[in-house]
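Novice: Pasted the sequence and its predicted model underneath.
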Amino acid sequence: MNTRTLAAIGISAILSSMAAAITPEVAELGFDSRWASPQGAGVLKLPSWITSIQQQGGTFIDDPRCWQVAAAAPKGTGRLEITLDRSRIASGNLVVTLLFDADDNTDVAVQLFDSQGRVVVVDLFGNVVDIGKQATTDTFAIPLSKYPTADRIVIRRVEGGLNLHGIVLFPVVTEGPMEQGALKELARVLGDPLSPENPLLPSIQNIARSSQVQVSAVKPAVLAESKQAKAYPAATPQTLSSNALNASLNEGLLASLNFEKSNAQDTSAHQSHGQPQAGSTFVSTERGTSLRLRKNPTHNRSIPWDAVIIPAERMPKLHDQLSLCAWVRYDSIAARWGSQIIWHGDSRFGCDPWVLHLLPNGQAEFRSDRSVTGRPKFTVFEDEIQLSPSGKPTLSQHIAVQSPRNLERGQWYFLVGTMEKMNERTHTMRLYINGTNVGELQTTEVVNYDTNAMWTTIGAVDRGGWQNFDGDIDDVRIYDRSLSPQEVLDLYQQPWK
């Protein structure tokens, strides 16, 4: 879900007002066969602002407890309709969490209808399904105040098998109408994965227990941290008695450039040797010998500057499971685009599949340019749109995990970005700083362009001409697999010299 700054209304104030004022109005809806009888809604005691719940094309079942639509059902079959009494929802806005599991090809939409059965909003936020082996939660905001005629929330299964175990609806109390950006930000703070502090969590856990399903792991809502928070503490030098790496840390290692011999030679088995560009030098630092790069004062992209390039013919082919690792200490950051740490791509715009870099404000980012198959959820740039041979535009979007806080100038940090394949459709991107996971996201989008002739640049993009890193880089590692959290921590804890 793409987010914007919460304008005028403080998140903490909203959450505190919700917790204090509307807990009795939370609708906790778990589904089983009781809903199939005409008396079901009355027995299950709907809140006063929900008048009825009806379904078409599915079945309420007890094992597992859910509303179920079979994968073999015709496309478009399956609809769960929640009718609202708008006069009893003071704010007009709702936050909704779905608890479900689904097949790999499942597609679900959430719509708003009016009392005459007409569609008011076709799809509130695109495909809600985030495929996993465990039941998944998805949280989003419904700005009912913007649609005064809408009185029905309709969950529509488009295709694929679906088990909807429950829904929690949470009226939002605010002092005035919320802007769309504020609702999106609120949904993000409340969102998926649910944090331990999330006010929706107890209801979701109740539904999960009654349905006897396991919910995807609850993780800290790291993205809710203020971007004004102080910078991350600098890395702590390690002094272990042995400098031997955990044996698993050599598995899947495609390139390892430690610069200890004052060159960019690869010490892995692949001979992925780098080629220093322009004024790249090797200097003695607290970490031993490190690569020193200086910013490009000319701002001329056609002139290669300080960088190290692993050419395509030496770089083993990267695929959509990998890890990018590096120690960094920056002196300054390129003002407009930021500075690259490890970049993989070619000369095409919008076709950088795996990138680890610093943003102009000092945040770290792990980014991947991926396809747009539905409504774009991340940033799409018009000058990066490609045309197919038939002339059809092919869009890519910059999907990225950013650190909630900044890196401080002149301090060493250990950065790792990992891409893990969860199943046939879903990948998880994670960003680590100093051995700690600071953010992650999941995506079902793919790298839909040819990557066979791409090369890797350390400290810049392209052939070293721009987005140059200004500072020191050390111990660059590239893997063809996603490192585990413990492996990332093991790497961080290795001695500096």
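Specialist: Nice, I can see it. Residues are numbered from 1 along each chain as shown.
Novice: List the buried residues for stretch 259-271?
Specialist: For stretch 259-271, a neighbour-count test (16 or more other Cβ atoms under 10 Å) marks F259, E260, A264, D266, T267, S268, H270 as buried. To be clear about C-beta, it is placed using only N, CA and C from the backbone, and glycine gets the same treatment.
Novice: Residues contacting that stretch, please?
Specialist: Stretch 259-271 is contacted by residues 250, 253-258, 272-276, 280, 282, 288-291, 308, 310, 314, 316, 458, 474-475 when judged by Cβ atoms under 8 Å, 6 or more residues apart in numbering.
Novice: average model confidence for it?
Specialist: In this model, stretch 259-271 carries a mean pLDDT of 93.
Novice: quick one: terminal-to-terminal distance for that stretch?
Specialist: Terminal residues of stretch 259-271 are spaced 14 Å apart (Cα to Cα, to the nearest Å).
Novice: tell me which element R370 falls in.
Specialist: Using DSSP states H and E, R370 sits within strand 363-371.
Novice: repeat for R152
Specialist: strand 150-159.
Novice: Let me have the buried residues of stretch 259-271 in a markdown table, adding secondary structure as columns.
Specialist: Shown next, in a markdown table, are the buried residues of stretch 259-271 (DSSP: H, G, I helix; E, B strand; the rest coil):
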| residue | secondary structure |
| --- | --- |
| F259 | coil |
| E260 | coil |
| A264 | coil |
| D266 | coil |
| T267 | coil |
| S268 | coil |
| H270 | coil |
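Novice: okay, the residues you listed in CSV with distance to D346 next?
Specialist: Converted to CSV, those look like this (distance: Cβ to Cβ, whole Å):
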residue, distance to D346
F259, 25
E260, 30
A264, 20
D266, 21
T267, 26
S268, 23
H270, 20
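Novice: Pull up the pairing partners for the strand holding R152, direction included.
Specialist: Take DSSP bridges as the rule and strand 150-159 pairs in its sheet with strand 79-84 (antiparallel), strand 107-114 (antiparallel).
Novice: what's the offset of that strand from the middle of its chain?
Specialist: For strand 150-159, the separation from the chain centroid amounts to 25 Å (computed by Cα atoms, centre = their mean, to the nearest Å).
Novice: Tell me which residues are up against that strand.
Specialist: Contacts of strand 150-159 (Cβ under 8 Å, 6+ apart): 57-58, 69, 73, 75-86, 94, 96, 98, 105-115, 120-121, 142, 144, 164, 167, 169.
Novice: Can you name the secondary structure element that comes next after that strand?
Specialist: In N-to-C order, the element after strand 150-159 by DSSP H and E is strand 162-171.
Novice: Was I right to think T451 contacts P353?
Specialist: Yes - the pair T451 / P353 is scored as a contact, 5.6 Å apart, by Cβ atoms under 8 Å.
Novice: before we move on, back to that, only the buried subset of the contacts of strand 150-159, as a ChimeraX command please.
Specialist: Typed into ChimeraX, the line below selects the buried ones among the contacts of strand 150-159, using 16+ other Cβ under 10 Å:
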select :58,69,73,77,78,79,80,81,82,83,84,94,96,98,106,107,108,109,110,111,112,113,120,121,142,144,164,167,169
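Novice: how about the helices in the stretch 51-200 of the chain?
Specialist: 180-190 (DSSP state H, counting those that start in this stretch).
Novice: which one is S284 nearest to, not counting chain neighbours?
Specialist: S290 (7.9 Å; Cβ to Cβ, 6 or more residues apart in numbering).
Novice: Repeat that for Q442.
Specialist: T428 (5.0 Å).
Novice: Where does W35 sit: helix, strand or coil?
Specialist: helix.
Novice: Can you tell me the closest non-neighbouring residue to it?
Specialist: F60 is the one closest to W35 (Cβ to Cβ, 6+ apart), at 4.5 Å.
Novice: wait, isn't the one you found in contact with S37?
Specialist: No - using Cβ under 8 Å, F60 makes no contact with S37, being 9.3 Å away.
Novice: Neighbour count: those two, which is higher?
Specialist: Higher neighbour count among F60 and S37: F60, with 19 against 11, using other Cβ atoms under 10 Å.
Novice: roughly how far apart are that one and V96?
Specialist: Applying Cβ to Cβ, to the nearest Å, the value for F60 to V96 is 19 Å.
Novice: and if you look at H270?
Specialist: For H270 relative to V96 (Cβ to Cβ), the value is 49 Å.
Novice: Can I get stretch 296-313 as CSV, trimmed to CA atoms?
Specialist: Output of stretch 296-313 as CSV, limited to C-alpha atoms (Å, rounded to 0.1, in the frame of the first residue of the first chain):
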residue,chain,number,x,y,z
ASN,A,296,31.8,13.0,-8.8
PRO,A,297,32.2,16.8,-8.9
THR,A,298,31.4,17.0,-12.6
HIS,A,299,27.8,15.6,-12.4
ASN,A,300,28.5,14.3,-16.0
ARG,A,301,27.0,10.8,-16.3
SER,A,302,29.1,10.0,-19.3
ILE,A,303,32.4,10.2,-17.3
PRO,A,304,33.1,7.1,-15.2
TRP,A,305,34.0,8.1,-11.7
ASP,A,306,35.1,6.3,-8.5
ALA,A,307,33.4,2.9,-8.5
VAL,A,308,34.1,-0.8,-8.9
ILE,A,309,32.4,-2.7,-11.7
ILE,A,310,32.0,-6.5,-11.9
PRO,A,311,31.4,-6.9,-15.6
ALA,A,312,28.5,-9.1,-16.9
GLU,A,313,30.9,-11.7,-18.2
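Novice: what about D490, which SS state?
Specialist: Applying three-state DSSP: D490 is helix.
Novice: Domain boundaries for the protein, per the record?
Specialist: Following automatic domain parsing, one finds the domains of the chain at 11-222, 247-492.
Novice: Those domains: which one's closest to K230?
Specialist: Among the domains of the chain, domain 247-492 comes nearest to K230, with 7.1 Å by Cβ to Cβ.
Novice: low pLDDT regions in the stretch 1-150 of the chain?
Specialist: Residue ranges of the stretch 1-150 of the chain with pLDDT under 70: 1-25, 38-44, 90-92, 104, 123-138.
Novice: try it again with 50
Specialist: Scanning the stretch 1-150 of the chain for pLDDT under 50 picks out the ranges 1-24, 42, 126-134.
Novice: related to what we said a few turns ago, taking the buried residues of stretch 259-271, tell me the two that lie furthest apart.
Specialist: E260 and H270 (17.8 Å).
Novice: thinking again about what came up before, so what sits against both of T451 and P353?
Specialist: With Cβ under 8 Å, 6+ apart, T451 and P353 have common neighbours L318, H344.
Novice: Between the two, which is the more surrounded one?
Specialist: P353 (22 against 18).
Novice: can you tell me which residues contact that one?
Specialist: L318, D320, H344, G345, S368, D369, R370, V447, Y449, T451, M454.
Novice: What about the third one, how many residues nearby?
Specialist: By other Cβ under 10 Å, the residues close to H344 number 22.
Novice: That one reaches H319, doesn't it?
Specialist: No - using Cβ under 8 Å as the test, H344 is too far from H319 to be in contact (11.2 Å).
Novice: Give me the phi and psi for the closest residue to A312 other than its chain neighbours.
Specialist: Counting by Cβ to Cβ, 6+ apart, the nearest residue to A312 once its immediate chain neighbours are dropped is W455, at 4.4 Å. With angles defined as degrees, to the nearest 10, W455 sits at phi -120, psi 170.
Novice: Please name the bridge partners of W455.
Specialist: What pairs with W455, by the bridge criterion (DSSP bridges), is G345.
Novice: Check W354 too.
Specialist: H344.
Novice: Name all residues that make contact with it.
Specialist: L318, L322, L324, I342, H344, R367, S368, G417, M419 are the contacts of W354 under Cβ under 8 Å, 6+ apart.
Novice: What is the burial count for the second one?
Specialist: Here the neighbour count serves as a burial measure; for L322 (other Cβ under 10 Å) it reads 21.
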